[in-house]
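>>> Turn this into a structure:
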Amino acid sequence: MSVQDVKFSELCGFEPKQIEATQVSDTHQYTLYGGSRGPGKSYWLRWRCIRELLRLSANGIDNAVGGLFCEDYPALKDRQISKISSEFPLWLGELRDSKQYGLGFHLKPAYGGGVLQLRNLDDPSKYQSAEFAFIAIDELTKNTIDTFNILRGSLRWPKVIKPRFFAATNPGSRGHGWVKSLWIERDFPPEMAIIQDEFAFVRALPTDNSHLDVSYWQMLESLPPYLARAWRYGDWDIEAGLFFSSFRRTDRDGKLAHIIAPFEIPPHWRLYGSIDHGHHASREGEKPYIYQLYAMDDDRVNPHCYLIDEIAAAEWPIEKQVAEIKELEARYGGRIEYRQGCPSMFTEWKKGAPTISEDYANTGIYVIPSHTDHVNGWIRCMEWLEDGSDCVPRFRVFNRCKHFIRIIGEMIIDERHPDDIDPDCEDHPMEAWRHFVMSRPSPARAPASAVPEYSSAWADQQRKRKRRNA
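Predicted structure coming up:
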């Protein structure tokens, strides 16, 4: 048998929803499929890749190379490699390791000779100089937006006008926030406005897969309600696994969001700075140096805190850091009450050498050491995220603080230490925030109001109650 004897639709056996996703991906450059567990996301992804290689060959582009990625090798082996070896027919090509392409599925020359490389994302930076005719990512939310940007920068191939990006995922995990922002809420940063019409989301549920067996349905039916909302019903608002799940990007059920438009700060409000100091980035796009500027209103009974500006950078010398801080603070009249600094600023990096805080002090920028208690610091942050007695969030952030807003949506719970953030997360803006709130009194607690059971707010309440009783 050959591909000439059978139509691709018969070869892959797509369900109606998978056919819809294929049609959408033909007209959009960036297609996300799924949003729940069970609709055959990984299956669609690998077969969609084969279809793309065949389509390119039919258009005169032979020997094209595409990439199918998972977050790590065990996931790649479990979700893709093991399935490819049994699903893809031998007459079409073979799964093999080669010196030129590494592990991949190689189509036979009669079908264009294209290669589907099978790769993991343990270190996305190694693909910066790579070129792909298309890219597919299984479980996109397992990755950061920096990984997405690195890979889409590798979407280039001779004669391919618009290299495609395919992805599949569930709600939750470290990339939940940015994936939801782009594909679900369609909230694009200014630099992506030019390509926003190229993004498409095809929602699929377990009911869209007629091949699920009884045991899989039993698993879905027995999930805790909050996981069922995310995995069975594709609810992106549950944000399962996110550390700051009560952070509201948009209005929900009449509740005001934590992100607001900038306004003029009254001259009698007090201003504070906070620094999480780092120099070298450990991953592509990371910004380890953070300066945040906060404003506190004058309400002593029901205080409110505002993150009004930020500086985020990598590999800045101290002279540059200080100059930028002075310029930012000057916009507000230089009326800073104090600045918090991370512990590393007060540690000798070399015996006999001045500390970073001392270097700052020599320029007139004075910093005081921050509290080092992570767990209680995160509890304090969550308390500030709660609504005050006026039903307005105690903490709000100006929408120009884009680095903070992006990173808070990527913070996930450390499975080994549920009271802390996963150590693999880029948490520098959160650290600076924690430094600041630990320098302030705990906000006055408003009367508890009923929240829907198993909502994200309910989950936060349960976690806090557990910590207080520990």
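
>>> Would you mind measuring the gap between the ends of stretch 294-305?
With CA to CA, to the nearest Å as the measure, the ends of stretch 294-305 fall 7 Å from one another.

>>> which parts of that stretch are buried?
Buried residues in stretch 294-305, counted by 16 or more other CB atoms under 10 Å: Tyr294, Ala295, Pro303, His304, Cys305. For the C-beta atoms, the positions are set from N, CA and C on the backbone; glycine is no exception.

>>> mind putting these in CSV, pLDDT and distance to Glu264 included?
Listed next are those as CSV, based on pLDDT from 0 to 100; distance: CB to CB, whole Å:
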residue, pLDDT, distance to Glu264
Tyr294, 98, 16
Ala295, 97, 11
Pro303, 91, 19
His304, 94, 15
Cys305, 96, 17
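
>>> Next secondary structure element downstream of the lengthiest helix in the chain?
Across the chain, the longest stretch assigned as helix under DSSP state H is helix 41-58. On the C-terminal side of helix 41-58, the closest following helix or strand by DSSP states H and E is strand 65-70.

>>> how close does the closest residue to Gly34 other than its chain neighbours get to Val160?
In space, Gly34 comes closest to Lys41 once its chain neighbours are excluded; the distance is 4.1 Å by CB to CB, 6 or more residues apart in numbering. In this structure, Lys41 and Val160 are separated by 24 Å, where distance is defined by CB to CB, to the nearest Å.

>>> Between the two, which is the more surrounded one?
When Lys41 is set against Val160 and neighbours are counted by other CB atoms under 10 Å, the residue ahead is Lys41, at 25 against 18.

>>> how about the more buried one, what does it touch?
Under the criterion of CB atoms under 8 Å, 6 or more residues apart in numbering, the contact partners of Lys41 comprise Tyr33, Gly34, Asp138, Ala168, Thr169, Ala204.

>>> In CSV, list those along with neighbour count.
CSV is the format used below for the contacts of Lys41 (neighbours: other CB atoms under 10 Å):
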residue, neighbour count
Tyr33, 27
Gly34, 29
Asp138, 22
Ala168, 28
Thr169, 23
Ala204, 25
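
>>> Of those, which belong to strands?
Using DSSP state E to define strands, the subset of these located there is Tyr33, Gly34, Asp138, Ala168, Thr169.

>>> Show me the shaky parts of the chain.
Under the criterion pLDDT under 70, the flagged ranges of the chain are 1-6, 223-229, 231, 237-241, 252-253, 283-285, 415, 444-470.

>>> Can you mark which positions in the longest helix of the chain are buried?
For helix 41-58, the neighbour count (16+ other CB under 10 Å) marks 41-57 as buried.

>>> try stretch 145-153
Going by 16+ other CB under 10 Å, stretch 145-153 has these buried residues: Ile145, Asp146, Thr147, Phe148, Ile150, Leu151, Arg152.

>>> Columns distance to Val214 and secondary structure on top of the residues you listed, output as JSON lines?
Shown next, in JSON lines, are the buried residues of stretch 145-153 (distance: CB to CB, whole Å; DSSP: H, G, I helix; E, B strand; the rest coil):
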{"residue": "Ile145", "distance to Val214": "38", "secondary structure": "helix"}
{"residue": "Asp146", "distance to Val214": "41", "secondary structure": "helix"}
{"residue": "Thr147", "distance to Val214": "37", "secondary structure": "helix"}
{"residue": "Phe148", "distance to Val214": "37", "secondary structure": "helix"}
{"residue": "Ile150", "distance to Val214": "41", "secondary structure": "helix"}
{"residue": "Leu151", "distance to Val214": "38", "secondary structure": "helix"}
{"residue": "Arg152", "distance to Val214": "40", "secondary structure": "helix"}
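
>>> what comes up buried for whichever strand or helix holds Ala21?
Here Ala21 is covered by helix 16-27, with elements defined by DSSP H and E. Using 16+ other CB under 10 Å as the test for burial, helix 16-27 gives Lys17, Gln18, Glu20, Ala21, Thr22, Ser25.

>>> any idea how far the residue lying closest to Phe404 once chain neighbours are set aside is from His435?
The shortest distance from Phe404 to any residue other than its chain neighbours is 4.4 Å, reached at Pro429 (CB to CB, 6+ apart). Distance, Pro429 to His435, using CB to CB: 11 Å.

>>> Which residues are in contact with each of those two?
Applying CB under 8 Å, 6+ apart, one finds that Pro429 and His435 are jointly contacted by Asp276.

>>> Looking at those two, which has the bigger crowd around it?
Set side by side, Pro429 and His435 show more neighbours around His435, with 27 against 24, by other CB under 10 Å.

>>> Strands of the stretch 51-200 of the chain, residue ranges please.
When secondary structure is read from DSSP state E, counting those that start in this stretch, the stretch 51-200 of the chain shows strands at 65-70, 93-98, 102-107, 115-120, 134-138, 164-169, 199-203.

>>> and the ones you listed as CSV, adding distance to Met345?
Supplementary listing: the strands of the stretch 51-200 of the chain in CSV, determined by distance: least, CB to CB, whole Å:
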stretch, distance to Met345
strand 65-70, 38
strand 93-98, 48
strand 102-107, 43
strand 115-120, 36
strand 134-138, 38
strand 164-169, 38
strand 199-203, 41
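
>>> now for the ones you listed, which one comes closest to Val392?
When the strands of the stretch 51-200 of the chain are ranked by proximity to Val392, the top entry is strand 199-203, at 31.8 Å, counting by CB to CB.

>>> any idea how far the most centrally placed residue in the chain lies from Tyr306?
Of all residues in the chain, the one closest to the mean position by CA atoms, centre = their mean is Gly175, 2.6 Å from it. Between Gly175 and Tyr306 the distance, using CB to CB, works out to 27 Å.
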